[in-house]
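Show me how the following folds:
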Amino acid sequence: MVLNPGEGRSPLLFQKIMLLPKWFHANGELIYRPDSQGSGKRVRILFLDRTLKTITGLLAEFIFADTYAGKAGFLQGLDARAKLIGVLILIVTVSLLHSIPFLYGLSAMVLLSAVLSRIDAAFFIKRVWLVLPLFAGIIALPATLNIFTPGEPVWIIGSIGKEIRFGPYVIPSEIAFTKQGVSSALLLVGRVGASMSLILLLTVTTPWADLLKAFRCLGVPQIYVQTLNMAWRYIFLLSRIVEDMHIAKMSRTIHPGKTRAEQRWIAGQMGFLFKRSMQLSSDVHRAMVARGYQGEVRILSVFRLQKKDYVWTLSCAGLAGILIYLGR
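All right, here's what the predicted structure looks like:
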């Protein structure tokens, strides 16, 4: 349709309005029709998907946990070298302790220090007591039975009627938890939990660059520190690449293939990931050399020991001596 220009206007100005065809206005059918019956059903995620998602999530939380290190808390204001020395003293103490109450009491003190350092208690407990200590408890569970650890029965599970001998090994007629076995399991879990608590407290309250510099100040060889730094930085990147490859395959898969075909695909992706990691390491090294890297990473942070750093170190040493003396 063409509109004629008004009187007094230039005849060259025309505004053309194109009419839309009728089919453009017609409403078609929905491309996707949601199923009302399946709206209340829970979607089941495969084990491999959940594992990859959980691993990358945990790595991201640990890598980007510098938010806690930037807070004004109890341990954040200490020198990184003093914190490292104090934590190492306490970890050695944990390995020498044989008292279960002292081990769990030390874990409670570490938790209190984390709270005073403005670390969420739920975050700290979840990252410590729901990972390796629980796993160590599952491993130590068979040792609590009188099949493996003879001793005083605490709780009888069942009876098999008579003893069974396999050479020097004897299965007693009554299967029970023993006092000695339970004590050994609690000791193992307590040591793992206390050590993990100390390590997590150190890494969360200290910037990663300052922690690496503290290692170098204590005489740790540069090759180990640099390898740890690179592994810490790029393990998250490589795990994210693995997750992306898996999601890309799942999004293009209509029907799962045979087991042998899936194994070949996984083997191929492992080779591709190894090749990509080697290429990445080469590119990173060339980039570092181009920016002046000569074998030692220079960190701008300047360490200065203060009175509170000496107090912290002496307190850790004194606590270690008391625990070892009383818990022997």
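
count of neighbours near Asp283?
Asp283: 10 surrounding residues under other C-beta atoms under 10 Å. No exception for glycine: its C-beta is placed from N, CA and C like everyone else's.

before we move on, which element is it in?
Using DSSP states H and E, Asp283 falls within helix 259-290.

distance between that helix and the chain's centre?
22 Å (C-alpha atoms, centre = their mean, to the nearest Å).

so what secondary structure elements neighbour it?
Helices and strands touching helix 259-290, by 3 or more C-beta pairs under 8 Å, 6 or more residues apart in numbering; DSSP states H and E, are helix 222-251.

Quick one: mean pLDDT for the helix holding Asp283?
For helix 259-290, mean pLDDT is 83.

Likewise for stretch 204-213?
Rounded mean pLDDT across stretch 204-213 is 85.

can you list contacts of that stretch?
65-66, 68-70, 73, 75-76, 80, 83-84, 114, 117, 119, 124, 202-203, 214, 225, 228-229, 232, 297, 299, 301, 303 (C-beta atoms under 8 Å, 6 or more residues apart in numbering).

From start to finish, how long is it in a straight line?
End-to-end distance of stretch 204-213: 16 Å, with C-alpha to C-alpha, to the nearest Å as the criterion.

And that stretch, what's buried?
204-208, 210-213 (16 or more other C-beta atoms under 10 Å).

what packs against the helix or strand harbouring Ser315?
Using DSSP H and E, Ser315 sits within helix 307-326. The contact analysis (3+ C-beta pairs under 8 Å, 6+ apart) places helix 307-326 against helix 80-96, helix 100-116.

just to revisit the earlier point, now, the buried residues of stretch 204-213 that are in helices?
Secondary structure from DSSP state H places 204-205, 208, 210-213 of the buried residues of stretch 204-213 in helices.

out of the residues you listed, who's nearest Ala267?
Nearest to Ala267 out of those is Trp208 (C-beta to C-beta; 34.0 Å).

what sits against the closest residue in space to Ala320 that isn't next to it in sequence?
Closest residue to Ala320 apart from its sequence neighbours, by C-beta to C-beta, 6 or more residues apart in numbering: Thr93 at 4.0 Å. When contacts are counted by C-beta under 8 Å, 6+ apart, Thr93 touches 106, 319-320, 323-324.

Name the member of the residues you listed that has the highest neighbour count.
Counting neighbours by other C-beta under 10 Å, the top entry in the contacts of Thr93 is Leu106, with 26 neighbours.

Surely it touches Leu323?
Yes: the criterion here is C-beta atoms under 8 Å, and Leu106 meets it with Leu323 at 6.9 Å.

which residues are in contact with both of the two?
93, 97.

what's Gln279 in contact with, if anything?
Counted by C-beta under 8 Å, 6+ apart, Gln279 has zero contacts.

hmm, I was thinking of Phe272
If a contact means C-beta under 8 Å, 6+ apart, then Phe272 has no contacts.

ok, now how distant is it from Glu262?
15 Å (C-beta to C-beta, to the nearest Å).

For Leu188, give me its contacts.
Going by C-beta under 8 Å, 6+ apart, Leu188 touches 136-137, 140.

check which helix or strand covers it.
helix 179-205.

Using neighbour counts, pick out the buried residues of that helix.
Residues 180-198, 200-205 are the ones in helix 179-205 that count as buried (16+ other C-beta under 10 Å).

again with stretch 130-144
Residues of stretch 130-144 classed as buried: 133, 136-137, 140, 143-144 (neighbour count, 16+ other C-beta under 10 Å).

neighbours around Ile223, how many?
Ile223: 9 neighbours (other C-beta under 10 Å).

For it, give its distance to Arg233.
Separation of Ile223 from Arg233 (C-beta to C-beta): 16 Å.

Show me the contacts of Leu188 that map onto helices.
Among the contacts of Leu188, the ones falling in helices (DSSP H) are 136-137, 140.

any weak-confidence spans in the chain?
Where the chain drops to pLDDT under 70, the residues are 1-66, 133, 161, 163-164, 166-170, 172-173, 295-297, 299-300, 328.

what about the nearest residue to Asp309 once chain neighbours are set aside, how many neighbours?
Sequence neighbours aside, Ala82 is the residue nearest to Asp309 in space, at 3.8 Å (criterion: C-beta to C-beta, 6+ apart). Residues lying near Ala82 (other C-beta under 10 Å) number 22.

Ser113 now?
Applying other C-beta under 10 Å, we find 18 residues neighbouring Ser113.

and for stretch 313-328, what are the contacting residues?
The set of residues external to stretch 313-328 that reach it, using C-beta under 8 Å, 6+ apart, is 82, 85-87, 89-90, 92-93, 96-99, 102, 106.

Closest one of these to Pro150?
Nearest to Pro150, judged by C-beta to C-beta, of the contacts of stretch 313-328 is His98 at 19.5 Å.

check contacts around the closest residue to Gly327 other than its chain neighbours.
Nearest residue to Gly327, sequence neighbours excluded (C-beta to C-beta, 6+ apart): Ser99, at 3.4 Å. Listed by C-beta under 8 Å, 6+ apart, the contact partners of Ser99 are 323, 326-327.

Sweet, I'm off.
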